[in-house]
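Participant: What follows is a predicted protein model with its sequence.
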Amino acid sequence: MKKIFHLAALLAGACLLTTRVPAQQLRTAYFMDKAPVRTYLNPALRPERGYINIPALGHTQVEFMSNSLSLDNILYPSPSGSGLVTFLDSRIDADRLLRDLKERNNLGADLRIGVLGVGFYTGDAFWSVDLSARVSTGVTLPEGLFEFAKRGSGYDGRIYDLKEMQVDANSFAELAIGYSRPVNDRLTVGGKVKILAGLVNARMKFDKMRIQMSQERWEVEAEGRFDMNANGLTIPDKTDEEDGSPYLDMNDIDLSPTGPCGYGGAIDLGVSYKLLDNLTLSGALIDLGFIDWSARNAVSGRSADRYSFTGFELEGEGETNTGDFDKLARFRRVESRNHTTRLTTTLNLAGEYTILNDKIGFGLLSSTQFLTTSTFTELTLSANFRPIDWFSASVSYSFIHSKFDTFGIALNFSPSWINFFVGTDYMFTRITPQWVPVSQRSANLFLGLSIPLKRGKN
C-alpha cells in the first residue's frame with residue numbers, strides 16, 4: 001500500500017496544474033449596487049460611488065472548484081470512531097469511493113489580487129482602471145487513477161487506464177480600463193479593455209498512461225508532452241543510467257521570472273436595461289481574450305516510452321526510492337513552439353425584481369463559463385437587501401453544482417469614509433467534529449477594502 005500511495009502521489013503531483021474549472025466571480029454580489037466588485041461581473045453595472053482600492057486589499061479573490069470531488073470523497077470517518085482517515089485506508093471500501101467519481105475528475109484553484117484600482121464618475125460616465133495579478137491552477141484526474149491508488153496490485157493482471165491526465169497553469173498581470181454610461185433613462189452600456197502580460201504558463205498532458213500490474217511485474221506505457229514558459233526558467237538535463245540518453249530533470253526546476261514571456265488582450269462587454277420601474281434585465285460577456293506565449297522562453301519535452309518494473313526498494317521507514325517512479329513522468333527535450341491560450345469566457349444573464357422602493361430585490365443569475373473542452377453553467381437565486389444608505393446584503397442559493405446544501409452571503413459596509421466588502425457563494429453547512437468542511441465541491445471567498453469617492457448619476 002505504501003508503494004501504491006507513493007506512485008499515486010507522484011502521478012497526481014506531476015499533473016497538478018490543469019485549469020478545467022470556471023473562472024473567478026462572486027455571483028452573490030451581482031445585484032449589490034454599492035459594491036465595486038459588481039463591475040467585474042458586468043461593466044454596465046456601476047457602483048453607487050467611485051472608489052480608490054487599498055493596494056492588495058481592495059480586491060482579493062480565492063476560489064476552489066471541482067466537477068465531482070469534495071472532501072468527503074477523500075476523508076472518511078474512521079471505522080474505529082476516532083478522527084478521520086483517507087480513502088487509501090484499507091477499511092474504506094473501494095466502491096464507496098468510486099461511485100461518486102466521474103470519468104474525468106476536474107479540480108482547480110484561482111487567485112486574484114488587486115494591486116491598484118480606482119473608479120470615478122465624470123458626469124454620467126463611469127471610468128475604472130485596475131491592475132491585478134491573476135493565477136489559475138488545477139488538475140484533471142481520470143477515474144482510473146483513484147482505482148489504481150485504492151486497489152493497486154491486489155488484482156493480478158488488471159489494466160489501469162490513466163490517459164487524459166492534463167496540466168495547465170497560468171500566471172499573468174492584467175491592466176483593465178473600463179467605461180460605462182447610460183444611453184437613456186433605461187439603458188446603460190459598458191465595456192473594459194484589458195492588456196495582459198503572461199508570466200508563467202505550464203502544460204502537461206498524457207495522451208496515454210496505461211499500467212498493467214501483478215504481484216511480480218508492472219508494465220507501463222506512457223505518452224505525453226510537457227511545456228513550460230517563463231522568463232528565467234531553467235530545467236537541466238539528466239542522463240538515463242541504462243541507455244545514456246538525456247531527459248529533463250523535473251526535480252531541479254529553477255524558476256525565477258524576470259519579466260513577461262507572453263502578451264495578449266481581452267474585453268468585457270455589458271448591458272443593463274430597466275424593462276419596468278421595478279424590473280431590470282442585464283447581460284455581459286467577461287474575459288473574451290487570449291495570451292500568446294513565446295517559444296524563446298520555454299522548455300518542452302515529450303514522453304513516449306514503455307517501462308517494466310519488477311519491484312520497488314523501500315530504503316527505510318517512511319522513505320521510498322523514487323528512481324523508478326519518476327520514469328512515469330520522464331520527458332526528453334524537444335523544440336519549443338509558440339502557442340496561444342484563451343481565457344475562460346463567461347456569459348452572465350440576469351434579472352432583478354424589486355419592491356419597497358428598491359429596498360428589497362429578488363434576482364436570478366445564469367452564469368455560463370466556456371472552458372477548453374466543455375461549458376459550466378450555474379443558476380443563482382438571490383435576495384438583496386438595501387435597508388439603509390451605508391449597508392447592503394445579499395443571500396443566494398446556487399442550485400446546480402452545490403449538491404443542495406450550500407448558500408452564499410455577501411455584506412457591503414459603505415459609510416462615507418470606507419467601503420468594506422466580504423462575500424462567498426458557498427457557505428459551509430456541514431463540518432466534521434474536527435471542523436473540516438465536507439460535501440461541497442466548490443468554495444470561494446472575496447474581500448474588498450476601498451475609499452469611497454463621490455456619487456454617480458445612476
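Facilitator: Noted; the coordinates are in hand. Numbers count the residues shown, from 1 in each chain.

Participant: roughly how far is stretch 263-271 from the heart of the chain?
Facilitator: Centroid displacement of stretch 263-271 relative to its chain, using Cα atoms, centre = their mean, to the nearest Å, is 19 Å.

Participant: do stretch 242-259 as well
Facilitator: 27 Å.

Participant: distance between the ends of it?
Facilitator: Terminal residues of stretch 242-259 are spaced 39 Å apart (Cα to Cα, to the nearest Å).

Participant: now do stretch 69-86
Facilitator: End residues of stretch 69-86 are separated by 13 Å (Cα to Cα).

Participant: In it, which residues are buried?
Facilitator: 69, 70, 71, 72, 73, 75, 76, 77, 84, 85 (16 or more other Cβ atoms under 10 Å). Where you see a C-beta, it was placed from the backbone N, CA and C, and this is true even at glycine.

Participant: repeat for stretch 114-125
Facilitator: 114, 115, 116, 117, 118, 119, 120, 121.

Participant: What ranges does the stretch 51-200 of the chain have for its helices?
Facilitator: Assigned by DSSP state H, counting those that start in this stretch, the helices in the stretch 51-200 of the chain fall at 71-74, 94-98, 143-151.

Participant: can you tell which of these is closest to residue 262?
Facilitator: Across these, the minimum distance to residue 262, taken as Cβ to Cβ, is reached by helix 143-151, at 30.5 Å.

Participant: What helices and strands are in contact with the closest one?
Facilitator: In terms of contacts (3 or more Cβ pairs under 8 Å, 6 or more residues apart in numbering; DSSP states H and E), helix 143-151 is packed against helix 2-14, helix 94-98, strand 104-122, strand 158-161.

Participant: per-residue confidence averaged over the first one?
Facilitator: When you say that, I think you mean helix 2-14. Helix 2-14 shows a mean pLDDT of 36.

Participant: Next: the third one.
Facilitator: Mean per-residue pLDDT for strand 104-122: 90.

Participant: Just the angle for that strand relative to helix 143-151, thanks.
Facilitator: Angle, strand 104-122 to helix 143-151, by axes from the mean of the first three to the mean of the last three Cα atoms, to 10 degrees: 120 degrees.

Participant: so what strands line up beside strand 104-122?
Facilitator: strand 49-53 (antiparallel), strand 60-66 (antiparallel), strand 125-142 (antiparallel) (DSSP bridges).

Participant: about what we covered before: and of the helices of the stretch 51-200 of the chain, who's closest to residue 276?
Facilitator: Here helix 71-74 is closest among the helices of the stretch 51-200 of the chain (Cβ to Cβ), at 44.2 Å.

Participant: Centre of the chain to stretch 101-113, how far?
Facilitator: With Cα atoms, centre = their mean, you get 6 Å for stretch 101-113.

Participant: contact partners of that stretch?
Facilitator: The contact list for stretch 101-113, computed with Cβ atoms under 8 Å, 6 or more residues apart in numbering, reads 18-21, 23-24, 56, 59-69, 73, 132-143, 146, 164.

Participant: Can I get the buried part of the residues you listed as one PyMOL selection?
Facilitator: In PyMOL, this line selects whichever of those come out buried by 16+ other Cβ under 10 Å:
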select buried, resi 18+19+20+21+23+24+59+60+61+62+63+64+65+66+67+68+69+73+132+134+136+137+138+139+140+141+142+143+146+164
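
Participant: returning to that earlier point: using a markdown table, please lay out the helices of the stretch 51-200 of the chain together with mean pLDDT and distance to residue 364.
Facilitator: Shown next, in a markdown table, are those (pLDDT from 0 to 100; distance: least, Cβ to Cβ, whole Å):
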| stretch | mean pLDDT | distance to residue 364 |
| --- | --- | --- |
| helix 71-74 | 71 | 29 |
| helix 94-98 | 76 | 36 |
| helix 143-151 | 79 | 34 |
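
Participant: Now those in TSV, please, with extra columns for distance to residue 221.
Facilitator: What follows is the helices of the stretch 51-200 of the chain, written out as TSV (distance: least, Cβ to Cβ, whole Å):
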stretch	distance to residue 221
helix 71-74	28
helix 94-98	23
helix 143-151	13
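
Participant: Residue 177: which of the ones you listed is closest?
Facilitator: Short answer: helix 71-74, nearest of those by Cβ to Cβ, at 40.2 Å.
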